[in-house]
Every structure is written in C-alpha cells, then in structure tokens.
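J.: sequence first, then the predicted structure, then my questions.
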Amino acid sequence: MANVHPIKPSEVAKKKAIDFPDAVFEAFNQLIAQNFSAGYAVVKQDEVVALMVKKGLKRGEIFRNHWLDVEDVYKAAGWKVEYDKPAYCESYDAFFSFKK
C-alpha cells in the first residue's frame with residue numbers, strides 16, 4: 001500500500017518551487033533585480049508574462065497552470081509579497097510588489 005499523505009500548508013511553497021518551470025523564476029528574478037530600489041521592487045504582470053513567453057512558455061499555459069501564483073514561494077524565500085490588480089472601476093496595470 002502506498003504511503004502518500006496530504007500536503008501540509010508549510011510544504012506548499014516547496015512543492016510549487018519544484019513544479020514551476022525554471023522560466024517562471026528566471027523571469028521574476030530578472031525583473032525583481034532590474035526594478036529593485038530602496039528595499040523593494042515592483043513587477044508588472046504584463047512584463048513578467050511577456051518575459052516568460054520570451055523564455056519559451058506559452059501564455060495560455062502560464063495562466064492555466066497558475067504559474068503567476070508565486071507569492072508563497074517568494075515569501076518562503078524571505079520576501080514580503082503583495083499582488084494588486086485593478087477593480088472593475090479602476091484602470092492600472094496589475095503588479096506584484098516585493099519588499100525585503
């Protein structure tokens with residue numbers, strides 16, 4: 001009989017880090033480093049998606065597989081991460097903020 005157990009909340013970030021393609025973290029890391037100033041970085045969603053596509057991922061796959069859901073992984077690495085997108089009555093680019 002298999003010895004499989006439910007995943008623990010504390011294991012989710014580690015599992016995601018293993019399952020996400022390298023291009024996801026390469027794109028986020030590149031844009032975090034490029035935009036980092038005064039203790040934080042802002043990464044626009046459209047820019048990170050475009051960079052992931054440039055690195056070989058398909059746009060549809062990125063959204064279908066939830067490869068933008070990186071908050072837990074970066075939090076586990078020590079970042080304070082927030083995601084913000086406009087409400088129906090607002091008009092601005094969706095973005096992630098990474099603070100040390």
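T.: Received, thanks.

J.: let me see the contact set for the spatially most central residue of the chain.
T.: For the chain, the residue nearest the mean C-alpha position is residue 70 (3.0 Å; CA atoms, centre = their mean). The contact partners of residue 70, taken as CB atoms under 8 Å, 6 or more residues apart in numbering, are 16, 20, 24-25, 28, 81, 96. C-betas here are computed from N, CA, C, even on glycine.

J.: mind checking which of the residues you listed are in helices?
T.: 16, 24-25, 28 (DSSP state H).

J.: ok, the residues you listed vs residue 59, which is closest?
T.: Here the nearest of the ones in helices among the contacts of residue 70 to residue 59, counting by CB to CB, is residue 24; it sits at 12.9 Å.

J.: chain center to stretch 55-67: distance?
T.: 12 Å (CA atoms, centre = their mean, to the nearest Å).

J.: pull the residues that contact that stretch.
T.: Counting by CB under 8 Å, 6+ apart, 20-21, 23-24, 26-27, 49, 52-53, 68 sit against stretch 55-67.

J.: which ones are touching residue 43?
T.: Applying CB under 8 Å, 6+ apart, the residues contacting residue 43 are 28, 31-32, 35, 95-98.

J.: where's it relative to residue 98, distance?
T.: 7 Å (CB to CB, to the nearest Å).

J.: which neighbours do these two share?
T.: By CB under 8 Å, 6+ apart, residue 43 and residue 98 have these common neighbours: residue 32.

J.: tell me which stretches of the protein form helices.
T.: Counting by DSSP H, the helices of the chain are 12-19, 22-35, 45-54, 59-64, 71-76.
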